[in-house]
Structure formats: structure tokens, C-alpha cells
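S.K.: Got a sequence here, can you model it:
(chains A and B)
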Amino acid sequence: MLGALVIVFREVIEAGLIIGIVLAATRGVAGRGNWVAAGVVAGVLGAGVVALFAEAIANAFEGSGQELLNASVLGAAVVMLMWHTAWMARHGREMAAEMAAVGAAVTAGQRPMTALAVVVGLAVLREGSEVVLFLYGVLAAGTSGSSLFVGGLLGLAAGAAFTALTYYGLLSIPARYIFAVTTVLIALLAAGMAAQAVQYLDNAGVISVLGRRLWDSSGILPQDGMLGRLLHTLIGYTDRPTELQLLAYLGTLALMAALAWVATPARSPRTAM
Amino acid sequence: MRALTSAIVLAGLVLASTPAPAQEFNLVIRNHKFEPAEIRVPAGKRVSIYVSNEDATPEEFDSTALKVEKIIPGKSKGLVRIGPLDPGRYEFIGEFHADTAKGVVIAE
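M.R.: This next block holds a predicted model:
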């Protein structure tokens, strides 16, 4: 039962971290709860569908279907996060000013929640399909199944509690800084996803260059330990990155910074130049 | 004769420059265990491992060392691509049955 709890918890916290960050980043946005909930529900349904067709997916594209699906899901999430960051660069300043003026509790007006809801949905889809397959296997095995299933449900509950912890932790940051903090978190999240996506493309045999690993820090901070896992999701920590992964990581960060810079409305002092 | 020799040399050069196809290995999952539990692969090369899951339940071939996470549904086969690897030991597990499903890739 404990094993099932641990496995499910591990998968759930990855999606949970992302949900917690999205919720914190959209503090004060009217109707965000519904958007995030819709993302979660769509993600769970999607996870069920992926699990149901796991075999067909695995066999697609000469056995690389699963890797290509994962890479696509991650790639789509990166694009959504970029869009959100660009939008925030354009409108964030006035929103922050507004929030400071009227108090953080008041709505920050219209804001596209679609991008972030999609990110939530994709995160739940990716981690959820593994949970569904695992629990299915447990149930199919019979006999000791029910106790493992209970373990799985407990893992799910623990993961949900962890999401709440992330959210309230981020909320303790003063409203003045929360946009800055969540923007950085979202950029790192996206960079980490891009690094994961290129590794899936490598596993799929689509890319076969720059596959050498750059370093091995698994002795200091193993990626499959608890802290390593958290950092893996949060900032894309990888204990044995390849050249391509580092390139994707830094490239995504650079692209997001460039996008944010371009999208930021010209400030008056700049005209002095 | 000269023409033939140069043709052979040329063909040799062409063959040498085309990357050799990834070497293939086979692995079976039976009763939540990997058989064989140890695979020796050449270092510095890309390698394909065909994992055949003979159990009825799905398994996840998981290894941070090999940078692979792949679900292999019950009663089906999956292709795991790894490498190029530095010489060394690279452990992998079946995450859904981690206490029994263990194995290691040795690159040399």
C-alpha cells in the first residue's frame, strides 16, 4: 500500500506544483478557479484516454509514439507559458499597480486564463496517464489490489495537499513581488519542460545529435530523490543533462526574456535615448 | 583492376561514413522481473533495446541514469533508445514493481 502511495504521490506532485504556481500567478483573477478546475478535469479525461490507448500510442510511429506524444505535450505547454509571459509583460505593470492601489483581494480585471488552463490540463494529462495505468495494473492484478488502490488514493490526497501547500506558500509572498516571482518560476518551468521535450525527441530517435552528457551530479543531488524530483519539476534540474538539453533550457530562457522585452510597452524614460 | 580497387575503396569510404544502425538488444519482463537483468552494450554508441512485457499488467521502464521513462503496456513490446553512453553501470527499474523489477546496463 505504501509503495502505491509513494508512486502516485510522486506523479501527482509534479502536476500539483504546476497547478500551485498557476493559481498563485493568477491571484485576483475573476473566475480563475473555474478555468483551473476545467484544466484539471480535461487533463484527467485526457489521461484516461491516453491510458486506454496506451498500446496503440506506444506502437505508433515505429514504436516512438509515446515519446512523440510526451514531447508534443511538453512543447505545447512551453508555447502556452511563453504566450502567458508575453501577455503579462504587456499588461502586468498596470495590473500590479492596480492591485497595490485597491488591495490585493480585488479582481485584477480581464486576463486570458486559457493559456494557463491548457498548461494545467497538459500537466495533469501527462502525469495522470501514468497514475491511471499504474492503478489499472494494480486492480487487474487482483488479490492485494484493493489495499494498493487505497494507497493510490491516499497518494492522490497527499498530492492535493502538497498543491495547496505550494499555493499558500507562494501566497505568503507580498503582492508587490508576486508577479515578479511567478514570472521567474514560469520561465524556469518552461525551460525545464523544453529540456525534457528534447530528451523525448532523442529517445524517439528524431534527434540524434548533441546527445553527450555534460556532467553527472547524481552523487550530490540525485534527480530521483525527493528534493531532486521537486527541483526537476520546478526549475528543470537534471542530474545528467545532455548538451542538447542545456541548449534547449538556455534557449527557452533567452527566448522568454526576449519575448517579454519586446512585449513590454515602451517606458517614457527610454525615449530620452 | 585500378578501377575496381578504387571502386572498392570508395564503397568502403561511403560505408564508413554512414552511421551504423543502432545495435539491438532484447529484454523480457516476466513476473515483474527483467530477463536478463544485466545487458552489456558498447560505450559511445546509440543502442536500441526491445523490451517485451509478457505480464498482463503495464510496466514503466524507468532510469534517470539512462534518461528513459517509457510505459510498456501489458502483453506488448516497447522500444527503448539509449546512448551514447560513457563506460559505466546504468541501473534501471520497472517503476510499477520497483521491488522486483531491477536491472542494469553496463556500457564498456
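S.K.: list the contacts for A:Gly169?
M.R.: By Cβ atoms under 8 Å, 6 or more residues apart in numbering or on different chains, the contact list for A:Gly169 reads A:Gly20. All C-beta atoms are positioned from the backbone trio N, CA, C, and that covers glycine.
S.K.: now it, what's its secondary structure?
M.R.: Under DSSP: H, G, I helix; E, B strand; the rest coil, the three-state class of A:Gly169 is helix.
S.K.: With A:Leu185 as the reference, measure out to it.
M.R.: With distances taken as Cβ to Cβ, to the nearest Å, A:Gly169 is found 11 Å from A:Leu185.
S.K.: Bridging across strands, which residues link to the residue nearest to the spatial centre of chain B?
M.R.: Geometric centre of chain B, nearest residue: B:Ile49, 2.9 Å, by Cα atoms, centre = their mean. As for beta bridges, B:Ile49 partners with B:Phe25, B:Val80 under DSSP bridges.
S.K.: For it, give me its contacts.
M.R.: B:Ile49 is in contact with B:24-27, B:39, B:79-82, B:105, counting by Cβ under 8 Å, 6+ apart.
S.K.: and the gap between it and B:Ile29?
M.R.: For B:Ile49, the distance to B:Ile29 - Cβ to Cβ - is 12 Å.
S.K.: Need the nearest residue in space to B:Phe38, chain neighbours excluded.
M.R.: To be clear, residue B:38 is Glu; Phe isn't right here. Closest residue to B:Glu38 apart from its sequence neighbours, by Cβ to Cβ, 6 or more residues apart in numbering or on different chains: B:Val104 at 5.4 Å.
S.K.: how about that neighbour, what does it touch?
M.R.: Taking Cβ under 8 Å, 6+ apart as the test, what B:Val104 contacts is B:37-39, B:89-92.
S.K.: Same question for the host helix or strand of it: list its buried residues.
M.R.: If you go by DSSP states H and E, B:Val104 is part of strand B:102-107. Residues of strand B:102-107 classed as buried by neighbour count (16 or more other Cβ atoms under 10 Å in any protein chain shown): B:103-105, B:107.
S.K.: cool, and stretch A:50-58?
M.R.: In stretch A:50-58, counting by 16+ other Cβ under 10 Å, buried: A:50-51, A:54-55, A:57-58.
S.K.: Just name the closest of the buried residues of strand B:102-107 to chain A, please.
M.R.: Of all these, chain A sits closest to B:Ala107, with 11.7 Å by Cβ to the nearest Cβ.
S.K.: Which residues of chain B lie near chain A?
M.R.: Applying Cβ under 8 Å from any Cβ of the partner chain, one finds that chain B approaches chain A through B:46, B:56-60, B:64-65, B:67-68, B:70-74, B:76-81, B:83-84, B:86, B:95-96, B:98-99.
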